[in-house]
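Colleague: quick check, what structure comes out for this input:
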Amino acid sequence: MSGFSKGLDKVEVALRWDPSPFGSPPHDLDVIAAVYPASDPYGSPAYLVHFDSRSPDGTVYLSRDSTTGKGFGDDEVLTLEFARQPDAHARIVVGVVIQQRPDRLVFADIANPEVHIREGYTVLASDDFSAVAHSTAATVAEFVRTSGGAWEFHPAVHGFDLDPDAFTAAMGARSL
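Modeller: Have a look, this model is predicted:
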């Protein structure tokens, strides 16, 4: 990135997967964003954005939410508007978690899961979760505000074997 770069502006994290086999309970994957304060970027998140919430200032939101994987194209889309992020935020970690009902599922149990991270028409990263196939959740991206105020993208695919609540507590750990 050059010194004249304004960094990221508006990024979409798009998740898709195929529906579960006929007669099986639906597979439900969720995109989650944890927004961390500049005062403690590796501590507790200032807030979480997921299927039934959005950021208080409207800069992080979910525009599509599927509980089955049925449909055309992306099943879930999380939008992050970095140009509007307040200075109080310094880090955002995005993850994907598999809802664990009625049975325990890992990414290998889900047909064709994919995540695509893009800014406009530019694909920043794509992943099929094969490296974390035996995980129940995974981080997929880390966005960090530089000292100059621009936002940078860091690919961060790391698997976790945690339920959704435990994952949201652990997803922003310093080890990313």
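
Colleague: now what about stretch 103-116, what contacts it?
Modeller: With contact meaning CB atoms under 8 Å, 6 or more residues apart in numbering, stretch 103-116 is reached by 12-21, 25, 27, 29, 31, 69, 74, 96, 98, 123, 125-130, 132-136, 138, 140, 159. Placement of C-beta: from N, CA and C, glycine included.

Colleague: so for that stretch, what's the average pLDDT?
Modeller: The pLDDT scores in stretch 103-116 average 94.

Colleague: which parts of that stretch are buried?
Modeller: By 16 or more other CB atoms under 10 Å, the buried positions in stretch 103-116 come out as L105, V106, F107, I110, P113, V115, H116.

Colleague: next: stretch 146-159.
Modeller: Buried, per 16+ other CB under 10 Å, within stretch 146-159: A150, W151, F153, A156, V157, H158, G159.

Colleague: what is the nearest of these to Y61?
Modeller: W151 (16.6 Å; CB to CB).

Colleague: how far away is that closest one from I110?
Modeller: According to CB to CB, to the nearest Å, W151 and I110 sit 30 Å apart.
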